[in-house]
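Novice: coordinates only, no sequence provided:
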């Protein structure tokens, strides 16, 4: 039996002062979280700072991340530089402005004086904002559940305020159903995590979503679920029912367990959506007592809307409807990866 690869906690400093700085940092968080044998544990708040040395440059947006990784420091450095390159970093001059900078500032228990990677980073003693942000990230990690999506959005989430409000309404509805249906604790935890995680990458640029879900093609509306499920799996998530719920929440899935069905209905029935509010509220009130009947009606309404708009209905969605209409079995154990049609740009009425 091979020895377990040790996992270390590394602190990474992100910085950007060119282009859409917040978008560069958001993409970096998601891409770093998807590195092999790596898990994003916590992130500080973003903070704007002046360029070091009084240089005549735009201000920087900075953030510190804590990651747990089995990558050795040199491999982690190489991976960080690859992420920089994906965001357009050009190494033309040492202190030049950049779209993205990813520095390894320390790795627990590791010191190095190698020219390519000095640990701890010499700048840690000089940059008070790094020390402040590192302390904040550590405090957030200590107060969190480890970023597993049970008590809030993970550190790698890329969501706008409007999207976060939608996610919180979905979570609130799922919590209401948990209280009324009293599922076993493991199932309740799975439903809750699915609600927090399903749209966690919804506002990541489509080019980055495509990198995280290379097996799929299509618009962001259909890529964010597979991308999020792939990132979770890369971080070691082994709950297949949870991964299926997140991966397929936009299209439906014939082999779903209860978590996927709960998420699909809550995503559609949350009260913030502007259409058919009274009818959807009535369905939400019925769900705890009649989950199968409400699910059938939700799928019918979503498909009817797609047909009325003249959209192509993806094969997976029609198969989901057929499985419900014929009373087909739930989880078959088969988990093929969806390939979505670019024309299927919508997943039902939007908020």
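Specialist: That came through fine. If you're wondering where the values come from, they're calculated on a predicted model, not measured in any experiment. Numbers count the residues shown, from 1 in each chain.
Novice: use CA for all of it now, contacts and neighbours both
Specialist: Fine.
Novice: low pLDDT regions in the stretch 51-200 of the chain?
Specialist: 54, 145-149 (pLDDT under 70).
Novice: what about residue 9, which SS state?
Specialist: strand (DSSP: H, G, I helix; E, B strand; the rest coil).
Novice: with the one 3 residues further on instead?
Specialist: In terms of secondary structure, residue 12 is strand; the call rests on three-state DSSP.
Novice: ok, it to residue 285 distance?
Specialist: Residue 12 is 46 Å from residue 285, where distance means C-alpha to C-alpha, to the nearest Å.
Novice: which one of the two is surrounded by more residues?
Specialist: residue 12 (23 against 15; other C-alpha atoms under 10 Å).
Novice: now the more buried one: closest residue in space that isn't a chain neighbour?
Specialist: Nearest residue to residue 12, sequence neighbours excluded (C-alpha to C-alpha, 6 or more residues apart in numbering): residue 104, at 4.6 Å.
Novice: what's near enough to touch that neighbour?
Specialist: Residues counted as contacts of residue 104 (C-alpha atoms under 8 Å, 6 or more residues apart in numbering) are 10, 11, 12, 13, 77, 119, 121.
Novice: now the two most distant members of those residues.
Specialist: 13 and 119 (13.1 Å; C-alpha to C-alpha).
Novice: between the two, which has more neighbouring residues?
Specialist: The residue with more neighbours, out of residue 13 and residue 119, is residue 13; 22 against 19, by other C-alpha under 10 Å.
Novice: quick one: the more buried one and residue 107 touch, right?
Specialist: No: with contact defined as C-alpha atoms under 8 Å, residue 13 and residue 107 do not form a contacting pair (12.0 Å).
Novice: so which residues of the stretch 101-250 of the chain form strands?
Specialist: 101-107, 112-114, 117-119 (DSSP state E, counting those that start in this stretch).
Novice: so which residues of the stretch 51-200 of the chain form helices?
Specialist: Taking DSSP state H, counting those that start in this stretch, the helices of the stretch 51-200 of the chain run over residues 73-86, 128-143, 161-181, 185-197.
Novice: sorry, back to before: between the contacts of residue 104, which is nearest residue 257?
Specialist: Of those, the one sitting nearest to residue 257 (C-alpha to C-alpha) turns out to be residue 10, at 36.5 Å.
Novice: measure that closest one to residue 123 for me?
Specialist: On the measure of C-alpha to C-alpha, residue 10 and residue 123 end up 15 Å apart.
Novice: who's more crowded, those two?
Specialist: residue 10 (23 against 12).
Novice: what residue, apart from its backbone neighbours, is nearest the more buried one spatially?
Specialist: Using C-alpha to C-alpha, 6+ apart, the nearest residue to residue 10 is residue 107, at 4.2 Å.
Novice: surely the one you found is in contact with residue 119?
Specialist: Yes: counting by C-alpha under 8 Å, residue 107 touches residue 119, with 7.2 Å between them.
Novice: which SS class is residue 15?
Specialist: Residue 15 ends up strand, using three-state DSSP.
Novice: what is the neighbour count of it?
Specialist: The number of residues near residue 15, taken as other C-alpha under 10 Å, comes to 27.
Novice: which residues touch the residue nearest to residue 10?
Specialist: 8, 9, 10, 11, 73, 119, 120.
Novice: again with residue 290
Specialist: By C-alpha under 8 Å, 6+ apart, residue 290 has no neighbours at all.
Novice: for it, phi and psi?
Specialist: phi -130, psi 60 (degrees, to the nearest 10).
Novice: could you check how many residues crowd around residue 240?
Specialist: 15.
Novice: any idea of the pLDDT on it?
Specialist: Note for residue 240: predicted pLDDT of 96.
Novice: how about residue 227?
Specialist: Confidence score, pLDDT, at residue 227: 95.
Novice: was I right to think it contacts residue 201?
Specialist: Yes: at 7.5 Å, residue 227 and residue 201 qualify as touching, with contact defined as C-alpha under 8 Å.
Novice: what's the angle from the one helix or strand residue 29 maps to to strand 8-16?
Specialist: Per DSSP states H and E: residue 29 is located in helix 21-33. Put simply, helix 21-33 runs at 160 degrees to strand 8-16, going by axes from the mean of the first three to the mean of the last three C-alpha atoms, to 10 degrees.
Novice: which element follows helix 21-33 toward the C-terminus?
Specialist: strand 38-43.
Novice: ok, and what's touching that following strand?
Specialist: Residues contacting strand 38-43 (C-alpha under 8 Å, 6+ apart): 29, 32-33, 63-71, 136-138, 140-141, 146-147, 154-156, 234-235.
Novice: between the contacts of residue 107, which is closest to residue 297?
Specialist: residue 9 (47.2 Å).
Novice: do I have it right that that closest one meets residue 65?
Specialist: No: using C-alpha under 8 Å, residue 9 is not in contact with residue 65, being 10.1 Å away.
Novice: more neighbours: those two, which one.
Specialist: The neighbour comparison of residue 9 against residue 65 (other C-alpha under 10 Å) goes to residue 65, with 27 against 18.
Novice: could you list every residue that touches the more buried one?
Specialist: Contacts of residue 65 (C-alpha under 8 Å, 6+ apart): 11, 12, 13, 14, 40, 41, 42, 43, 44, 134, 137.
Novice: the first one reaches residue 69, doesn't it?
Specialist: No: counting by C-alpha under 8 Å, no contact exists between residue 11 and residue 69, whose distance comes to 10.6 Å.
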